[in-house]
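S.K.: Provided below for reference: sequence and predicted model.
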Amino acid sequence: MTFPPIREELQGIEPYGAPQLDVPVQLNVNENPYGPSPATAADIAAAAGAAATTLNRYPDREFTALREGLAAYLNTSGGSGITPDMVWAANGSNEVMLQLLQAFGGPGRAALSFAPTYAMYPEYARDTHTEWLVGKREDDFGLDLDRARALVEERRPSVVLLPSPNNPTGTALPTEAVSTLCEAVGEGGIVVVDEAYTEFRRTGTPSALEMLPTHRNLVVTRTMSKAFALAGARLGYLAADPAICDAIRVVRLPYHLSSVTQATALAALRHAPELLGRVADLRVERDSCVAWLREQGLQVAESDANFALFGTFADRRAVWQGLLDRGVLIRETGPEGWLRVSIGTPDEMMAFKDALIDVMKTEP
Ligand code: PMP
């Protein structure tokens, strides 16, 4: 017997998470490098301060005002006709998706995604006793829709997790992929399109929000952690049929969104134009980073997100370490030989490029 008596399948497992190191250039967790302005920070602080005067009371369990604010935002960001009863939120989209697995996965049920994909998905499945199924993406990291549909029809998952744009590859899915899989899954399951990075998409790849009216089993998740520059506040949300939100209400812990979180997110929504204001700059920086990496003779995945996956290296660990030794932290993730860099400020990207040139001289 080992102590503590943790579930057998959790024994010896390292908790998920990128190294949090205090280095000058941090390009490893796809954050937005631009924080709120002093005026916006002051408004958020005032809202949190007002919430502090009522902290003896539990928060609004239904976070009504926040749902209204998020619905209004979604209707300006690819959605239309989204009402507050179609919106759900939790502490980061990770928690939103865990709640989805709690409600729609479980023993005797399966969740499916297509690798390479977001590394937390198998953890949601494990933690909810849901069988984990994984199909494969093509060489360009897109989906072969016939193969994907066949896999769904064969294995009948209750939950399909489709990140678009995908992490770690940056690949956005066409509308057709979402509708094909929603139809293949049918009413026996849900299709979760994880749009954590959606605001960074290049033009021409629409949000899955526009398909909500035609697919009752579609769930679109979003987060304030990336484009919205609010990773520290922990606020993720989704849009779906109200019946799906009602199902999550059964599994959520009571009062899961603190008053401070609700006030912070609402204040941030009031400043959406400023917080989202650097997205266009980050897209330009992303495209130039991708072009520059290709000029260095590297392979780079097409990216619709605020990061780029590049490679391949015979010893990616050595390249990652070489960059870290030069004060630049990126992420060792994705298929063997690839590395992922988040898009930072122009100065940070310059530091990354200088360091990479230096490292590639010694670690070809
Ligand atoms: N989905 C994807 C694809 C992600 O990359 C991330 C964060 N790395 C998340 C969801 C979760 O983000 P958060 O919990 O901060 O909303």
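M.R.: Received the coordinates, thanks.
S.K.: going forward, measure contacts between C-alpha atoms and count neighbours the same way
M.R.: Noted.
S.K.: now Tyr255, nearest residue through space, not along the chain?
M.R.: Arg61 (4.8 Å; Cα to Cα, 6 or more residues apart in numbering).
S.K.: buried stuff in the helix or strand hosting Leu323?
M.R.: Leu323 belongs to helix 316-325 when assigned by DSSP states H and E. For helix 316-325, a neighbour-count test (16 or more other Cα atoms under 10 Å) marks Arg316, Arg317, Val319, Trp320, Gln321, Gly322, Leu323, Leu324 as buried.
S.K.: contacts for that helix?
M.R.: 23, 313, 329-332, 336-339, 352, 355-356, 359-360, 363 (Cα atoms under 8 Å, 6 or more residues apart in numbering).
S.K.: just the ones of those in strands?
M.R.: Leu329, Leu339 (DSSP state E).
S.K.: quick check, nearest of the contacts of helix 316-325 to Ser288?
M.R.: Phe352 (13.0 Å; Cα to Cα).
S.K.: who's in contact with that closest one?
M.R.: Val25, Leu323, Val328 are the contacts of Phe352 under Cα under 8 Å, 6+ apart.
S.K.: what is the burial count for the residue nearest to Tyr58 when sequence neighbours are not counted?
M.R.: Spatial nearest neighbour of Tyr58, excluding adjacent residues (Cα to Cα, 6+ apart): Tyr255 at 6.8 Å. Applying other Cα atoms under 10 Å, we find 13 residues neighbouring Tyr255.
S.K.: one more: Ile244?
M.R.: 22.
S.K.: for Val23, which non-adjacent residue is closest in space?
M.R.: That would be Gly327: by Cα to Cα, 6+ apart, it lies 5.5 Å from Val23.
S.K.: and the gap between Thr2 and the ligand?
M.R.: Here Thr2 is placed at a distance of 32 Å from the ligand (Cα to the nearest ligand atom, to the nearest Å).
S.K.: err, Gly12, not the other one
M.R.: 23 Å.
S.K.: show me where the protein has its strands.
M.R.: Using DSSP E, strands in the chain cover 25-26, 87-90, 110-115, 131-136, 159-163, 190-194, 218-223, 236-239, 299-300, 307-311, 328-329, 339-342.
S.K.: could you check how far Glu68 is from Phe310?
M.R.: 40 Å (Cα to Cα, to the nearest Å).
S.K.: actually Ser37, not the one I typed
M.R.: In terms of Cα to Cα, Ser37 sits 32 Å off from Phe310.
S.K.: neighbour-wise, which of those two wins?
M.R.: The residue with more neighbours, out of Ser37 and Phe310, is Phe310; 21 against 12, by other Cα under 10 Å.
S.K.: for the more buried one, give me the pLDDT.
M.R.: You'll see Phe310 listed with a pLDDT of 98.
S.K.: so it sits against Ala301, correct?
M.R.: Yes. Assessed by Cα atoms under 8 Å, Phe310 is found in contact with Ala301 at 6.5 Å.
S.K.: got the contact list for Glu336?
M.R.: Thr312, Arg316.
S.K.: next, the distance between the ends of stretch 26-37.
M.R.: 20 Å.
S.K.: re earlier: highest mean neighbour count out of the strands of the chain?
M.R.: strand 218-223 (a mean of 27; mean count of other Cα atoms under 10 Å).
S.K.: what lies in contact with that one?
M.R.: For strand 218-223, the surrounding residues in contact (Cα under 8 Å, 6+ apart) are 92-93, 96-97, 182, 190-198, 208-209, 211-212, 235-241.
S.K.: mind checking pLDDT for Met86?
M.R.: 98.
S.K.: quick check: closest non-adjacent residue to it.
M.R.: Pro242 (4.6 Å).
S.K.: so who does the one you found touch?
M.R.: When contacts are counted by Cα under 8 Å, 6+ apart, Pro242 touches Asp85, Met86, Val87.
S.K.: among those, find me the one that's closest to the ligand.
M.R.: Val87 (14.9 Å; Cα to the nearest ligand atom).
S.K.: count the neighbours of the closest residue to the ligand within the stretch 251-364 of the chain for me.
M.R.: Nearest to the ligand, among the residues of the stretch 251-364 of the chain, is Ala305, at 9.6 Å (Cα to the nearest ligand atom). Counted by other Cα under 10 Å, the residues lying close to Ala305 total 32.
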